[in-house]
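# coords below, sequence missing:
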Ligand code: ATP
């Protein structure tokens, strides 16, 4: 998609962030961190279904970026790195946001660039109380800590604000052992920390989060072409996983927006309840990182092209996305309500591969041998797909619970099961019910998981 064919702001927003927060809490996806102590600002913990959903998001990224390709290898670098890393990367000097503080009543702190977006004209005022604002001060976003027992400048280390630098400093190691040549990539999933001035919007912007990053090394001449290819790949990843195409778009950064390392960046944006916001950044970092690390470390970080008989510093294309932010987009996109027999139901229409639980096995009633039979079906099924067993309460209530966590298929053991060894298979979205022999159930669900899927919200 290009800037010209972007959807307009008039798209209806079906769900509020409050509804998403409430469902996440009610169904045990996401909790406020340290809740019994009143919570820690903008910090969250993931409960059972949240962990399963996040794992699936990471798994799908891993599958398309690493497993299904020949040209990408894995890395898991340490969170703590030599402090020179952050001098070389430019983070000590340049990883700052302009901080302004209200001089009026409320004394709140703001990011000047955010305020300028909201108040493009005239002198900036505090959005909370209308007070004057201080001069902007550059605020470094890196968390500092100390290594070892002595707390002095020499012991200062940083919690990494991105995983990318762990990849760049390992470029030589990987090149030597992975038997790859450009174009090739190194992928990593891991925690990152940023002391954000204005975190918020639930898990959209937090100070601790997880990133999925690919650094893709290419010969300099083909960098723009690979930049384009990765934009297309990454857009396709989101829409293949069910994100509605009119809720996602690419936006190219203007020259004044570019980070210190970037030659060109495009963001994938999603229409969150608070409006279009960055979901993923796809940057052409040029040779900035390898050149800087070579300079600061004294190691040669280049590739020797045997055929041409010369060495060069590869350029880097970087698709970088937050696990938590992507998870939020998938929940928002999936959240839906409809009516069944006059009663409203909330349903997460997640892509089946993202759904935390694929099948719920339910005895129709708690008698006539059905619980034992259902339990046996469940124990067999869970070896093949993530499944859950539930016998408490009315069948309607149990279905509604599964709808809210996004379980795509309900397997009901009923009277007929006891006669002919078939079960009822109920589809979360169409509500269609079909009869499937128990012997073929796992194969049927595995086949359904492989099929392309389209959000029913598009129909
Ligand atoms: P912003 O300008 O909004 O602060 P950024 O452009 O600095 O963000 P990048 O450095 O491009 O962000 O980070 C890559 C991706 O990592 C983002 O697209 C987002 O998905 C995720 N991300 C970045 N910061 C946060 C955060 N504080 N909380 C959650 N996810 C984040």
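Received, thanks. Note that the structure is a prediction, hence the values are computed from the model and not measured. Numbers count the residues shown, from 1 in each chain.

# which residue ranges form the helices in the stretch 1-150 of the chain?
Applying DSSP state H, counting those that start in this stretch to the stretch 1-150 of the chain gives helices spanning 17-26, 48-62, 84-88, 91-94, 112-118.

# same check on the stretch 351-459 of the chain?
So, for the stretch 351-459 of the chain - with DSSP H, counting those that start in this stretch - the helices run 370-381, 395-405, 415-420, 441-450.

# which residues does residue 248 bridge with?
When bridges are called by DSSP bridges, residue 248 pairs up with residue 270.

# what sits against it?
Neighbouring residues of residue 248 by C-beta atoms under 8 Å, 6 or more residues apart in numbering: 235, 238, 239, 268, 269, 270, 271, 279. In short, each C-beta sits where N, CA and C put it, glycine included.

# want to throw these into TSV with neighbour count?
Converted to TSV, these look like this (neighbours: other C-beta atoms under 10 Å):
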residue	neighbour count
235	20
238	22
239	14
268	24
269	19
270	25
271	23
279	23
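
# of these, closest to the ligand?
residue 279 (5.8 Å; C-beta to the nearest ligand atom).

# my guess is the closest one contacts residue 327, does it?
No. Contact between residue 279 and residue 327 fails when scored by C-beta atoms under 8 Å: they sit 10.9 Å apart.

# distance-wise, check the closest residue in space to residue 316 that isn't next to it in sequence relative to residue 318.
Excluding its sequence neighbours, the residue lying closest to residue 316 (C-beta to C-beta, 6 or more residues apart in numbering) is residue 285, at 4.3 Å. Between residue 285 and residue 318 the computed distance is 6 Å (C-beta to C-beta, to the nearest Å).

# pick out the residue of the stretch 1-150 of the chain closest to the ligand.
The ligand sits closest to residue 97 of the stretch 1-150 of the chain, with a gap of 7.4 Å, by C-beta to the nearest ligand atom.

# residues contacting that residue?
Taking C-beta under 8 Å, 6+ apart, we find residue 97 in contact with 111, 113, 138, 139, 141, 196, 197.

# residue numbers of the protein in contact with the ligand?
Contacts of the chain with the ligand, taken as C-beta under 6 Å from any ligand atom, map to 194, 196, 205-206, 209, 211, 278-281, 320-322, 324-325.

# what's in contact with the helix of greatest length in the chain?
As assigned by DSSP state H, the longest helix anywhere in the chain is helix 223-240. With contact meaning C-beta under 8 Å, 6+ apart, helix 223-240 is reached by 1, 60-61, 64, 183, 214, 216, 218, 245, 248, 250, 263-264, 266, 268, 270, 279-280, 282, 284, 286, 315, 317, 319, 321, 329, 452.

# repeat that with 6 Å
Residues outside helix 223-240 that contact it (C-beta atoms under 6 Å, 6 or more residues apart in numbering) are 64, 218, 245, 248, 250, 266, 282, 284, 315, 317, 319.

# I'd like those residues laid out as JSON lines, including secondary structure and pLDDT.
Listed next are those as JSON lines, based on DSSP: H, G, I helix; E, B strand; the rest coil; pLDDT from 0 to 100:
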{"residue": "64", "secondary structure": "helix", "pLDDT": "98"}
{"residue": "218", "secondary structure": "strand", "pLDDT": "98"}
{"residue": "245", "secondary structure": "helix", "pLDDT": "96"}
{"residue": "248", "secondary structure": "strand", "pLDDT": "98"}
{"residue": "250", "secondary structure": "strand", "pLDDT": "97"}
{"residue": "266", "secondary structure": "strand", "pLDDT": "95"}
{"residue": "282", "secondary structure": "strand", "pLDDT": "98"}
{"residue": "284", "secondary structure": "strand", "pLDDT": "97"}
{"residue": "315", "secondary structure": "strand", "pLDDT": "98"}
{"residue": "317", "secondary structure": "strand", "pLDDT": "98"}
{"residue": "319", "secondary structure": "strand", "pLDDT": "98"}
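
# give the bridge partners for the residue in the stretch 301-450 of the chain that the ligand sits nearest to, please.
Going by C-beta to the nearest ligand atom, the ligand is nearest to residue 322 of the stretch 301-450 of the chain, at 2.9 Å. Counting by DSSP bridges, residue 322 is bridged to residue 211.

# contact partners for residue 307?
Residue 307 touches nothing, counting by C-beta under 6 Å, 6+ apart.

# from residue 181, how far out is it?
10 Å.

# so what touches stretch 155-172?
With contacts defined as C-beta under 6 Å, 6+ apart, stretch 155-172 is touched by 75, 77, 79-80, 83, 85-86, 89, 142-148, 186, 188, 190, 192-194, 211, 213, 215, 289, 293, 301.

# what's opposite the residue lying closest to residue 444 once chain neighbours are set aside in the beta bridge?
Once flanking residues are discounted, residue 444 sits nearest to residue 436: 5.5 Å by C-beta to C-beta, 6+ apart. Following DSSP bridges, residue 436 is listed with bridge partners residue 423.

# in this structure residue 436 contacts residue 427, no?
No. Counting by C-beta atoms under 6 Å, residue 436 stays clear of residue 427, with 11.6 Å between them.

# and the contacts of residue 97, which two are the farthest apart?
Farthest-apart pair in the contacts of residue 97 is 138 and 196; separation 14.5 Å (C-beta to C-beta).

# which of these two has more residues huddled nearby?
Neighbours were counted for residue 138 and for residue 196 using other C-beta atoms under 10 Å; residue 196 has more, 16 against 11.

# residue contacts, that one?
For residue 196, the contacting residues are 205, 207, by C-beta under 6 Å, 6+ apart.

# so it, which state does it fall into?
Taken by DSSP: H, G, I helix; E, B strand; the rest coil, the conformation at residue 196 corresponds to coil.

# go ahead and confirm residue 103 touches residue 130.
No. Residue 103 is beyond contact range of residue 130, at 11.2 Å (criterion: C-beta under 6 Å).

# for the chain, give me the ranges with low pLDDT.
Along the chain, segments meeting pLDDT under 70 span 1-13.

# so what's the residue count around the residue lying closest to residue 421 once chain neighbours are set aside?
In space, and not counting its chain neighbours, residue 421 is closest to residue 438: 5.1 Å by C-beta to C-beta, 6+ apart. By other C-beta under 10 Å, the residues close to residue 438 number 18.

# what about residue 438, distance to residue 427?
The value you get for residue 438 to residue 427, if C-beta to C-beta is used, is 18 Å.

# bridging residues for residue 146?
Applying DSSP bridges, one finds that residue 146 bridges with residue 156.

# typo on my end, residue 303
residue 312.

# okay, it and residue 411: tell me how far apart.
Taken as C-beta to C-beta, the span from residue 303 to residue 411 is 53 Å.
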